[in-house]
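Participant: Make a model of this:
(4 chains)
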Number of protein chains: 2
Amino acid sequence: MLRINRETDYGVVILSAMAQSPAERFNAAQLAAAHGLPQPMVSKVMKQLVHAGLLRSFRGAKGGYGLAREPEAITVAEVIEALEGPIAFTECVKAGRDSCEHVDDCHASTTWARISAVVREALGAVNLAEMGQPAAASAALCSRQQLMGH
Amino acid sequence: MLRINRETDYGVVILSAMAQSPAERFNAAQLAAAHGLPQPMVSKVMKQLVHAGLLRSFRGAKGGYGLAREPEAITVAEVIEALEGPIAFTECVKAGRDSCEHVDDCHASTTWARISAVVREALGAVNLAEMGQPAAASAALCSRQQLMGH
DNA sequence: GCTAATGTGTACCATTGAGGTACGGATTAA
DNA sequence: TTAATCCGTACCTCAATGGTACACATTAGC
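Facilitator: Model prediction:
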């Protein structure tokens, strides 16, 4: 079904919510309650996002998480890549030529790479600020230029 | 990692190969051998593709499979949908509004639907004939118009 | 008709990964 | 010092993926 996994879904929802008040600091329990998610799950996701440099964490009492950049500067593609690795439709696109014995006579792998790039680009066109505003997201998806080719 | 599953991968490879000789009739064993795939797996995939109307099957001795349409008229999106269901990044996009208790205060679902549609469109722009020819596929991906919006 | 070659359907199994939980330790504000 | 919070690791459970097996239906060719 070509689905993102649940962690990624949670991550996007949480980050979009945080993007509404970019300056505020949020803790895991608070976010979990606000979105009806299991608290440990939220912590797990947040940790990965910190690791990827999308969030900053503040430890200790009155600690929490804050966006590492402006919401406009964080794209959906980055969130997905932070939570589930590179955007690649097939194993061989991700792992490179050596991963599959059939690369040489496989006519599909190159095209999969192109397709993956196009999708990556579409996901890179939508940022967190737009995520919560369908109209803005549509505009971003429409106006993006076709950078593919060569 | 946003990957298609293995069955889908096999399906695309097999169909692309068949698209090279659109008139020919192929049997499962022959295709399995040609691409180094397990024969039962190939049968499984073929069956689904017949069911989806992308292949025609001929039973009995000298039977086999043939493309149900011109290779140019079968898109990668159709193959994916035949083998793994609708192209939808999140559960709620696939199952509709009622599937998730948070739809009303979830700002992300609408945007996910738009993104899914864009990806669906990109996958729909590449057909089987192009799949084996990266240059043609790139051209198709580039030249497609942005139909989104409204 | 008989037989061999083929697709069809169903059922089954093993392994992996997703999703979720638990807990102890490190860090810091007050 | 204490309580709040993040961090790391390890663990568990269940469903889906990937793959297999086999009996049955269909048909070409003899």
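Participant: Burial check on residue A:78, number of neighbours?
Facilitator: When counting by other Cβ atoms under 10 Å in any protein chain shown, one arrives at 20 neighbours for residue A:78. All C-beta spots, glycine's among them, are computed from the backbone N, C-alpha and C.
Participant: To clarify, my last question referred to residue A:100.
Facilitator: 16.
Participant: if you skip the residues just before and after it, what's nearest to it?
Facilitator: Nearest residue to residue A:100 in three dimensions, chain neighbours excluded: residue A:92, at 4.4 Å (Cβ to Cβ, 6 or more residues apart in numbering or on different chains).
Participant: middle-most residue in chain A, spatially?
Facilitator: The structure's chain A has its C-alpha centroid closest to residue A:79; by Cα atoms, centre = their mean the separation is 1.9 Å.
Participant: what's the spacing between it and residue A:49?
Facilitator: Taking Cβ to Cβ, to the nearest Å as the measure, residue A:79 falls 7 Å from residue A:49.
Participant: got any residues that touch both of the two?
Facilitator: Residues within reach of residue A:79 and of residue A:49 at once, by Cβ atoms under 8 Å, 6 or more residues apart in numbering or on different chains, are A:11, A:15.
Participant: Lowest-scoring secondary structure element of chain A by mean pLDDT?
Facilitator: Of all helical and strand segments in chain A, the minimum by mean pLDDT, DSSP states H and E falls on helix A:91-95, at a mean of 80.
Participant: show me where chain A has helices.
Facilitator: Counting by DSSP state H, chain A has helices at residues A:6-20, A:28-35, A:39-51, A:76-84, A:91-95, A:109-124, A:128-131, A:134-143.
Participant: weakest of those in terms of mean pLDDT?
Facilitator: Among these, helix A:91-95 has the lowest mean pLDDT, at a mean of 80.
Participant: how about that helix, does it reach DNA strand D?
Facilitator: No. Residues of helix A:91-95 contacting DNA strand D under Cβ under 7 Å from any atom of the strand: none, with a closest distance of 8.7 Å.
Participant: Settle this for me: residue A:92 is touching residue A:116, isn't it.
Facilitator: No. Counting by Cβ atoms under 8 Å, residue A:92 does not reach residue A:116; the two are 10.6 Å apart.
Participant: what about the residue nearest to residue A:100, how many neighbours?
Facilitator: Look at residue A:92: counted by other Cβ under 10 Å, it has 21 neighbours.
Participant: how near is it to DNA strand C?
Facilitator: Distance from residue A:92 to DNA strand C, counting by Cβ to the nearest atom of the strand, to the nearest Å: 15 Å.
Participant: Repeat that for residue A:106.
Facilitator: 21 Å.
Participant: Tell me who's in contact with that residue.
Facilitator: Counting by Cβ under 8 Å, 6+ apart, residue A:106 makes contact with A:92, A:100, B:13.
Participant: need the contact list for the nearest residue to the last one once chain neighbours are set aside.
Facilitator: The shortest distance from residue B:13 to any non-neighbouring residue, by Cβ to Cβ, 6+ apart, is to residue A:108 (5.3 Å). Shown in contact with residue A:108 (Cβ under 8 Å, 6+ apart): A:90, B:9, B:12-13, B:16, B:131-132.
Participant: With residue A:43 instead?
Facilitator: Here residue A:43 is in contact with residue A:28 (Cβ under 8 Å, 6+ apart).
Participant: what's the distance between it and DNA strand D?
Facilitator: On the measure of Cβ to the nearest atom of the strand, residue A:43 and DNA strand D end up 6 Å apart.
Participant: got it, and residue A:131?
Facilitator: In terms of Cβ to the nearest atom of the strand, residue A:131 sits 21 Å off from DNA strand D.
Participant: which residue sits closest to that residue, ignoring its sequence neighbours?
Facilitator: Residue A:131 sits nearest to residue A:16 (Cβ to Cβ, 6+ apart), 4.3 Å away.
Participant: and that neighbour, how many neighbours does it have?
Facilitator: Residues near residue A:16, counting by other Cβ under 10 Å: 23.
Participant: Tell me who's in contact with it.
Facilitator: A:128, A:131-132, B:107-108.
Participant: do residue A:10 as well
Facilitator: By Cβ under 8 Å, 6+ apart, the contact set of residue A:10 is A:35, A:37, A:41-42, A:45.
Participant: What about DNA strand C: which of those touch it?
Facilitator: Okay, of the contacts of residue A:10 touching DNA strand C (Cβ under 7 Å from any atom of the strand), that's residue A:41.
Participant: Identify the intersection of the contacts of residue A:10 with the contact set of chain B.
Facilitator: When Cβ under 8 Å from any Cβ of the partner chain is applied, the members of these adjacent to chain B are residue A:35.
Participant: ranking the contacts of residue A:10 by neighbours, who comes first?
Facilitator: Busiest of the contacts of residue A:10 [other Cβ under 10 Å] is residue A:45, holding 27 neighbours.
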